[in-house]
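Engineer: Sequence and computational prediction follow.
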Amino acid sequence: MIEWFTWVQAAIGAAVALFCIVMGLARRIPNDYTLGAVALVELLLIAQLVVAIIAPFAGNRASGSVLEFFIYLVVALLLPPLAVVWALVDRTRWSNVVLGAAVFAVAVMVVRMLQIWTATAS
Amino acid sequence: MMVQKQSTRAVGIGRVLIAVYAILALAATGRSVFQIATQFEQAPLAYSLSGLSAVVYIVATIALIVPGRKSYGLAWATITFELAGVVLVGLMSIIAPEVFVPSAKYAHSDHSTVWTYFGIGYGFVPLVLPILGMLWLRRTRPSRGDAAVGAAPREV
């Protein structure tokens, strides 16, 4: 894992989450901006996946559990698409809040993934 | 359009509640599957609770979505169980942490469940969510007889 990239990703995730939740509370239904922002979060997760696969070959090895790391990554990768499907089916403002909740969970999971990757115990 | 029974609970802000439940169910399931599959012998009680909480969150999510009185009752049961779980495990993890990790040999591994320290690892969402869930269930109580008729609250 690349630490700075991970923190940038977490920050973007938190910002997108806030944006989506505010849009929902402002009575907007999901639009290109909120869905596009969530797509950006997914794109960054895919970049993270690529990094996680390549990093060990570049000497950047996980000191924690690789399996646990990938469970988090796979679940995180699933969340934005599921939330987007939800938003396309349920065209109400609450779907923006749902998008925000899912992206916020992704942001937290990314930070947790960094903890797992860099864990020193065991 | 397909004829279907209107859900009384999956409306308005209740959908956000259901989505958060689904995310928590996914998070708890992922963690407990990892813990049970790779290190169950280290702390059987902690990981059994982790698995149990995951199942309860899944059932609660489904019960909130499915219309009808039966699932309304099931939603109450699972949400009450969650609140009891998060309070009891939260207290236990402060008063007697050694109960969950019987051997100091394994003190380094991750023994947390969604309920440990009242759900601190999940931003206390596991503590707040059942309370919000109960408030939502109270508001959306199905009327006698047909659960679907007239029970849906207005969009808020």
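Structural biologist: Looks like it came in fine.
Engineer: check contacts around the residue nearest the centre of chain B.
Structural biologist: Centroid-nearest residue in chain B: B:Y57, 3.4 Å away (criterion: C-alpha atoms, centre = their mean). By C-beta atoms under 8 Å, 6 or more residues apart in numbering or on different chains, B:Y57 lies in contact with B:Y21, B:L24, B:A25, B:A28, B:T29, B:T78, B:E82, B:V114. No exception for glycine: its C-beta is placed from N, CA and C like everyone else's.
Engineer: and it, what helix or strand is that in?
Structural biologist: Secondary structure assignment for B:Y57, by DSSP states H and E: helix B:44-65.
Engineer: quick one: pLDDT of B:Y122?
Structural biologist: Predicted confidence (pLDDT) for B:Y122: 85.
Engineer: ok, which stretches of chain B are helices?
Structural biologist: Listed in chain order, the helices found in chain B under DSSP state H are B:14-39, B:44-65, B:69-95, B:125-139.
Engineer: List the buried residues for the third one?
Structural biologist: To tie it back to what came earlier, the one meant is helix B:69-95. Across helix B:69-95, burial judged by 16 or more other C-beta atoms under 10 Å in any protein chain shown covers B:71-72, B:74-76, B:78-79, B:81-83, B:85-86, B:89-90, B:92-93.
Engineer: again, but for the last one
Structural biologist: For helix B:125-139, the neighbour count (16+ other C-beta under 10 Å) marks B:V125, B:P126, B:L127, B:L129, B:P130, B:L132, B:G133, B:M134, B:W136, B:L137 as buried.
Engineer: tell me which of those residues is nearest to chain A?
Structural biologist: B:V125 (9.3 Å; C-beta to the nearest C-beta).
Engineer: any low-confidence regions in the chain?
Structural biologist: As the question left the chain open, I've gone with chain A. A:121-122 (pLDDT under 70).
Engineer: Sorry, I should have been clearer: chain B.
Structural biologist: For chain B, the ranges with pLDDT under 70 are B:1-6, B:107-110, B:144-156.
Engineer: Return the distance of stretch A:77-86 from the chain's centre.
Structural biologist: Centre-to-centre, stretch A:77-86 and its host chain are 10 Å apart (C-alpha atoms, centre = their mean, to the nearest Å).
Engineer: Show me what it is in contact with.
Structural biologist: Stretch A:77-86 has contacts (C-beta under 8 Å, 6+ apart) with A:35, A:38-39, A:41-42, A:45-46, A:49, A:95, A:98-99, A:101-103, A:105-106, B:19, B:23, B:26.
Engineer: Show me which of the residues you listed are buried.
Structural biologist: By 16+ other C-beta under 10 Å, those give A:35, A:38, A:41-42, A:45, A:95, A:98-99, A:101-103, A:105-106, B:19, B:23, B:26 as buried.
Engineer: can you tell me the helix or strand for A:M109?
Structural biologist: helix A:94-117.
Engineer: helices or strands next to that helix in the packing?
Structural biologist: helix A:3-25, helix A:32-54, helix A:66-89, helix B:14-39 (3 or more C-beta pairs under 8 Å, 6 or more residues apart in numbering or on different chains; DSSP states H and E).
Engineer: How about the contacts made by the residue nearest in space to the middle of chain A?
Structural biologist: Centroid check for chain A by C-alpha atoms, centre = their mean gives A:V106 as the closest residue, at 3.4 Å. Residues in contact with A:V106 (C-beta under 8 Å, 6+ apart) are A:G13, A:V41, A:L45, A:A76, A:L79, A:P80.
Engineer: So which bits of the helix holding B:Y57 are buried?
Structural biologist: Quick answer for helix B:44-65 (16+ other C-beta under 10 Å): B:46-47, B:49-54, B:56-65.
Engineer: closest to chain B among the contacts of A:V106?
Structural biologist: Of those, the one sitting nearest to chain B (C-beta to the nearest C-beta) turns out to be A:L79, at 6.9 Å.
Engineer: how many neighbours does that closest one have?
Structural biologist: A:L79 is flanked by 25 other residues according to other C-beta atoms under 10 Å in any protein chain shown.
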